[in-house]
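Asker: Any chance you can model this:
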Amino acid sequence: MKIITTHPFPAFFNSMVEANHDGEFGCTLKELRSLMELRGAEALSKIGESYGDIQGLCNRLKSSPVDGLSGQPTDIEKRKTVFGQNFIPPKKPKTFLQLVWEALQDVTLIILEVAAIVSLGLSFYKPPDAKRENCGRAAGGVEDENEAEAGWIEGAAILLSVICVVLVTAFNDWSKEKQFRGLQSRIEQEQKFTVVRGGQVIQIPVAEIVVGDIAQIKYGDLLPADGVLIQGNDLKIDESSLTGESDHVKKTQEKDPMLLSGTHVMEGSGKMVVTAVGVNSQTGIIFTLLGGGEDDDDDEEEKKKEKEEKKKQRKTKAQDGAAMEMQPLNSDEGADAEEKKKANLPKKEKSVLQGKLTKLAVQIGKAGLVMSAITVIILVVLFVVDTFWIQNLPWDKDCTPIYIQFFVKFFIIGVTVLVVAVPEGLPLAVTISLAYSVKKMMKDNNLVRHLDACETMGNATAICSDKTGTLTMNRMTVVQAYLAEKHYKKVPEPESIPPSILDILILGIAVNCAYTTKIMPPEKEGGLPRQVGNKTECALLGFSSDLKRDYQAIRNEIPEEKLYKVYTFNSVRKSMSTVLKMADGSYRMFSKGASEILLKKCYKILTANGESKVFRPRDRDDMVKKVIEPMASEGLRTICLAYRDFPASEGEPDWDNENDILTGLTCICVVGIEDPVRPEVPDAIRKCQRAGITVRMVTGDNINTARAIATKCGILQPGDDFLCLEGKEFNRRIRNEKGEIEQERIDKIWPKLRVLARSSPTDKHTLVKGIIDSTVAEQRQVVAVTGDGTNDGPALKKADVGFAMGIAGTDVAKEASDIILTDDNFSSIVKAVMWGRNVYDSISKFLQFQLTVNVVAVIVAFTGACITQDSPLKAVQMLWVNLIMDTFASLALATEPPTEALLLRKPYGRNKPLISRTMMKNILGQGVYQLVIIFSLLFAGEKVFDIDSGRNAPLHAPPSEHYTIVFNTFVMMQLFNEINARKIHGERNVFDGIFNNLIFCSIVFGTFIVQIVIVQFGGKPFSCVALSIDQWLWCTFLGFGSLLWGQVISSIPTSRLKFLKTAGHGTQKEEIPDEELEELEDMDEIDHAERELRRGQILWFRGLNRIQTQMDVVSAFQSGTSFQGALRRQASNSSQQQHDVTNVSSPTHVAFSTTTTTATAANTASATVGCECVFSSSA
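Answerer: From the prediction side, this is the model:
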């Protein structure tokens, strides 16, 4: 809309005045938003009629296509207020109260609360004294009035301890959420983008970009805002994230200049003027539609989005093999779909550890439930038999409340057994351990984007690493050159080169390197110059500086706008060319690229006198043998520089016909570029090999260069019979006659393959997929992959753990990855392995400790209750034990720092049980010790300590010394056993490195102090009596015994104990029934934890699905629509059902929720399954 002064429509005029008044800009937010919704020709005509051209748009936005914005703070602020900030507000986090409410939903806690309230109410009832004797033995014998008054304390104490547990749980969830948000914001801050401000090219955080900024875009960028292209070279964009179209879209000023946020630059480079940011950009609008601001359930949002994506993907065409593999395509042709279904089955499995733990927790929970039920039944039966049969008492109305009080007491005992039996600390331990590791991994240069990647890394068996920048320093320098028919072993003096060759060489380097690549002065005095941009190009620019020539002067003379055409580098071309239009109307094209590829296109070569002579295939072979191979065998990357003239007399060539353009070149020179191996890499690779991890190098470089570097790194040892293949050869070996990839063929190659050179991104993806799907090894391989390029996306996604480079990596690679290496260094991967293994071990340590307590506490409560009609460990005591065991112990054991020793063992397989036989031996051994001690104290303690027996105490009796000693000894044994639990592989020295873990020391010490307070001052609420020093020493000594007993246990060889079983196996793929696998079809990952929780619900689905089909059929007949339509709809609905609560606005919907006794239900996404039953004809 041009600025209209004399326009018949006053409304228009007013809006313009408003706009100008708005912030003196020539266009409003609304206009720009509507402009960005148009595509292609429509957009161009709109720009034409409203602004004249793109230059006009820049003028309206007060921005210069060459110099960008002024960059003055006032201007930037004004733009932020008028057009918004480049920031999409995240969802509100859950408040602490919401988290408390969620923690209260735990079934066991609810049962306890109810029981405690009932007990509270009943404790205030006092039957008339005369009648009390009639109520049986158990009720009588209350010595003191005050004691009877204190009956309410137990109920109140239980309520209090429940509140404690809830607060601790909520606090843990809250800090987890906070850490996760911190991590997110850290990831967002890391993201920077290149813009032009005040004529200077600078990098600013993405959130600082404003409307009117001139942004430089290049291959691999994830566009941070919407914009219009001002200048582009060969630009291709992947817009599938917005449109679902998988084909790359070519962007030019003439045909389609609209660039959208959230899309990926797949090729080329250019500049754009930013027209919409944040919530006004296309991605922002979608986010807002999805309710980005509402605090709806995160998972549901995600899932809705995924659904949308899935729907889009089904419409899209498959790109190539890689794309097909990535996208679940549900086609209508039956047989085809079946085949694809089969092909699609090997899925990336989500956190295996969570799955094993959930399964274990569910099993333990079931056992606990059974035990607690039996306990209650036995107590009730014993009481009834004793009172009404043995004592032969009639049921007296006045005694009813007393009897009920007994039943409530029994019920509370039952529930406490359940509380102790259910290891709700398990999910907590995993979360704490992962969150702690993630925090610490930041310091080791690993930025973890997905929590479970951390634990998967511990099981890694193979790492496929890039060469450049990961194994090498990515600081490239030209060290050799073949120039003017002479091979220089070091950079030549400029005087020794013919001036004509030198001129053409420097001009070629200056214009045929991306203008975003430059050499900057060093940051510190005497340091190395800083290399910005593509490192290979930096080496060439450095070469021109070594030849005492200034490339910047040439660039100032020929700015980027004057380049006639640019063919940017991509993985297919393996070369880059730039065309200049000369003054006489002729064209000159400079090319650079991989030497063996470019030399095949050279027909001439420049000689020592500066003339060109014919370059025959025979000369080329000579050159490869005498120049390129010697350079490559020293680990140098060889680059050929060439040019071609197009005379004016022949007219303008057809630039789109690349094969004709890129031929008949004249070779200027071949340079050897050195990229030294990082000094710490060989050691890191040795550690990997010792830890049972195979390192493979996958690179785009020449095979000789690759082999030389692999030998320097230690991937190849002299005398090994490992394979080094080129991409072509690799493809030839893995494909059959029809050109299809066969798994059997891959299986013959990958175990020996160590280096894959001249590989394309598809080869990398094929290799990773081949290794993961392989069944040759006894265990499924767990593969980690590093990648930096846009084209590494598919391989990073396919791998079990994808590492993206933080410095050299493109945004696309970072998006696809699980962990970002902030220093691009291979040795950081080894740290990730160490942390991953440490997580696994931490969980096992915690399990070993937790299960010992569970077993002992449940057996003590159960037998004690059956024999003495009262649990020796009271409800409140149990809750305290549960708190120290679950929460504090998980903190203490999950924060053990990793040691180098973790790298001395082979990786655990995915199928390794959580509880090894050694751990089982420790659990049972310690359990036996603790039970013996406790039962001895329970049944003979009063004689040993010469105190009154606490057994058979009446209702509301005061606490006894006897039972206090039992409780105290029990806790002491747990404390000392916590130290035992620090080692799980049968090591003898359990104190090894204990002082490196301050958290552990402080928690054990803190628990000890609190225990003293509880026993000495806990009184009635904790059913404790103050103990004497002697008694304390005995309790502590008996506790310390578990350390000594631990030494005895570790002396018994596990191999002798054949009867020990392992526990905590994950669910194997083979164990999942076929129907369920089909239900998992729609999911990208198999989440084992979800599966365990869902098992019970699957049956609901089948019934519901049938009801729904019938309803659909009925409604279809009513409304007269076709029967097939209803069936088809049913099919699509049933595929949705397995996911989440999608209640399509149907008149009535039924939601079934299953509650599981473990807290895990809350942790692993909500286990509420919604299902719609449609009753109306409108459906």
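
Asker: roughly how far is stretch 761-774 from the heart of the chain?
Answerer: The chain centroid and the centroid of stretch 761-774 are separated by 21 Å under C-alpha atoms, centre = their mean, to the nearest Å.

Asker: got the domain boundaries for the chain?
Answerer: For the chain, the TED database gives the domain ranges 29-89+210-276, 96-138+149-188, 446-471+679-824, 477-674.

Asker: wait, residue 623 sits on residue 670?
Answerer: Yes. Between residue 623 and residue 670 there is a contact under C-beta atoms under 8 Å: 7.5 Å. (Each C-beta comes from the backbone N, C-alpha and C, glycine too.)

Asker: In space, what's closest to residue 286 - neighbours in sequence excluded?
Answerer: Among residues not flanking residue 286 along the chain, residue 242 sits closest, at 7.6 Å (C-beta to C-beta, 6 or more residues apart in numbering).

Asker: Repeat that for residue 817.
Answerer: residue 804 (3.5 Å).

Asker: hang on, the one you found in a helix?
Answerer: No. Assessed by DSSP: H, G, I helix; E, B strand; the rest coil, residue 804 does not belong to a helix; its assignment is strand.

Asker: and it, what are its bridge partners?
Answerer: Beta bridges link residue 804 to residue 787, residue 820, judged by DSSP bridges.

Asker: Might one say that it is in contact with residue 816?
Answerer: Yes. Residue 804 is in contact with residue 816 according to C-beta under 8 Å; the separation is 7.1 Å.

Asker: Okay, buried residues for the host helix or strand of residue 401 please.
Answerer: Assigning secondary structure by DSSP states H and E places residue 401 in helix 400-421. For helix 400-421, the neighbour count (16 or more other C-beta atoms under 10 Å) marks 401-403, 405-421 as buried.

Asker: any idea of the mean pLDDT in it?
Answerer: Averaged across helix 400-421, pLDDT comes to 77.

Asker: now stretch 999-1008
Answerer: 90.

Asker: ok, now stretch 681-694?
Answerer: Per-residue scores along stretch 681-694 average to 92.

Asker: mind listing what's buried in it?
Answerer: 681, 682, 684, 685, 687, 688, 691, 693, 694.

Asker: got it, and stretch 442-456?
Answerer: Neighbour-count burial for stretch 442-456 [16+ other C-beta under 10 Å]: 444, 445, 446, 447, 448, 449, 451, 452, 453, 454, 455, 456.

Asker: Closest to residue 538 out of those residues?
Answerer: Residue 538 lies nearest to residue 445 out of the buried residues of stretch 442-456, by C-beta to C-beta, at 22.7 Å.

Asker: for that closest one, what are its contacts?
Answerer: 806, 821, 822, 823, 825, 828, 831 (C-beta atoms under 8 Å, 6 or more residues apart in numbering).

Asker: ok, back up a step: got any residues that touch both of residue 804 and residue 816?
Answerer: With C-beta under 8 Å, 6+ apart, residue 804 and residue 816 have common neighbours 787, 792, 796.

Asker: Show me what counts as buried in stretch 512-528.
Answerer: Buried-residue list, stretch 512-528, by 16+ other C-beta under 10 Å: 512, 513, 514, 515, 516, 517, 518, 519.

Asker: So which of those is the closest to residue 759?
Answerer: Ranked by distance to residue 759 (C-beta to C-beta), the buried residues of stretch 512-528 are led by residue 514 at 23.4 Å.

Asker: So that closest one is in contact with residue 532, correct?
Answerer: No. Using C-beta under 8 Å as the test, residue 514 is too far from residue 532 to be in contact (10.4 Å).

Asker: What ranges in the stretch 101-250 of the chain fall below the confidence cut-off?
Answerer: Flagging of the stretch 101-250 of the chain using pLDDT under 70 yields the residue ranges 107-108, 111-112, 122-123, 125-151, 153-154, 180, 183, 187.

Asker: would you list every one of the helices in it?
Answerer: 107-123, 129-132, 145-149, 152-190, 240-243 (DSSP state H, counting those that start in this stretch).

Asker: among those helices, which is nearest residue 367?
Answerer: Comparing the helices of the stretch 101-250 of the chain by C-beta to C-beta, helix 107-123 comes nearest, at 14.1 Å.

Asker: Show me the shaky parts of the stretch 701-850 of the chain.
Answerer: Scanning the stretch 701-850 of the chain for pLDDT under 70 picks out no residues.

Asker: give me that answer again for 80
Answerer: In the predicted model of the stretch 701-850 of the chain, residues 778, 788-791, 807-812 satisfy pLDDT under 80.

Asker: Now do the strands in it.
Answerer: Secondary structure of the stretch 701-850 of the chain (DSSP state E, counting those that start in this stretch): strands at 723-726, 753-757, 783-787, 801-805, 819-821.

Asker: As CSV, these with mean neighbour count and distance to residue 941 would be great.
Answerer: CSV is the format used below for these (neighbours: other C-beta atoms under 10 Å; distance: least, C-beta to C-beta, whole Å):
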stretch, mean neighbour count, distance to residue 941
strand 723-726, 20, 70
strand 753-757, 24, 66
strand 783-787, 29, 56
strand 801-805, 29, 54
strand 819-821, 26, 54
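
Asker: can I get those strands in a markdown table with distance to residue 283?
Answerer: Shown next, in a markdown table, are those (distance: least, C-beta to C-beta, whole Å):
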| stretch | distance to residue 283 |
| --- | --- |
| strand 723-726 | 40 |
| strand 753-757 | 36 |
| strand 783-787 | 24 |
| strand 801-805 | 20 |
| strand 819-821 | 21 |
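
Asker: closest one to residue 481 among those?
Answerer: strand 753-757 (22.8 Å).

Asker: C-alpha coordinates for the closest one, CSV please?
Answerer: C-alpha atoms of strand 753-757 as CSV (Å, rounded to 0.1, in the frame of the first residue of the first chain):
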residue,chain,number,x,y,z
LEU,A,753,34.4,-51.3,8.4
ARG,A,754,36.5,-48.5,10.1
VAL,A,755,36.7,-45.7,7.5
LEU,A,756,34.1,-44.6,5.0
ALA,A,757,35.5,-42.0,2.7
